[in-house]
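1. what follows is a predicted structure for the sequence shown.
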Amino acid sequence: EPPLKKSLWNVNKLTLLEANVDDMTPEHLAYSVEIFLDQGARDAWITPIVMKKGRPAHTIHCLCRAERTNNLLETIFRQTTTLGVRVRRDLDRAELHRSFETAQTPYKDNERNGLVDVKIGHLGEEVVSMKAEFDHCKAIAVGSKVPLQDVANSAVAEAKRQLE
């Protein structure tokens, strides 16, 4: 297996914690994901599954750095109904190099004065993705009474202009 090209992206060793649950409400599952992220998980998500005898259930996934494993295991056991967690150590995770631009949108009559952080993904020197920070766009959309997508599009367009 060839080594990953670290010059084009970052590679991190992470731990994946997974547990199946069939007796938690969607609200409880969503709250659990929030808690895992607050406790230092790099990412957390839920996937629907079908367990034995056709029972609908969910798999809880929690991706973390090795030093957060024990803390997050304890959190999973306390916050969910699972009796066991699979632990997969030393998973390679490739991620784009990132930078941020602060973009001024035309929507200034709000708590953010129209400012949105835009996350930029770089593959080597090439910009391959741009995404406006959701919470910033939401605050502006609510405060200025404009569509969320208009704010996000405006922020990304301004960030592109700044990079030219």
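-> Structure received.
2. now Asn153: which helix or strand?
-> Here Asn153 is covered by helix 148-163, with elements defined by DSSP states H and E.
3. report the distance from that helix to the chain centre.
-> Per Cα atoms, centre = their mean, to the nearest Å, the displacement of helix 148-163 from the mean C-alpha position of its chain is 20 Å.
4. list the helices and strands it packs on?
-> strand 86-104, strand 115-123, strand 126-132, helix 134-144 (3 or more Cβ pairs under 8 Å, 6 or more residues apart in numbering; DSSP states H and E). Backbone N, C-alpha and C define where each C-beta goes, glycine included.
5. how far away is Ala152 from Arg89?
-> 37 Å (Cβ to Cβ, to the nearest Å).
6. neighbour count for the two, which is higher?
-> Ala152 (23 against 10; other Cβ atoms under 10 Å).
7. return the residues in contact with the more buried one.
-> Contacts for Ala152 (Cβ atoms under 8 Å, 6 or more residues apart in numbering) come out as Val116, Ala132, Phe134, Cys137.
8. can you pick the most crowded of the residues you listed?
-> Highest count within the contacts of Ala152 by other Cβ under 10 Å belongs to Cys137, 28 neighbours.
9. tell me the centre residue of the chain?
-> Taking Cα atoms, centre = their mean, the centroid of the chain lies closest to Asp43, which sits 5.4 Å from it.
10. measure that residue to Leu8 for me?
-> 21 Å.
11. now swap in Ser129 and tell me
-> Distance from Ser129 to Leu8, counting by Cβ to Cβ: 14 Å.
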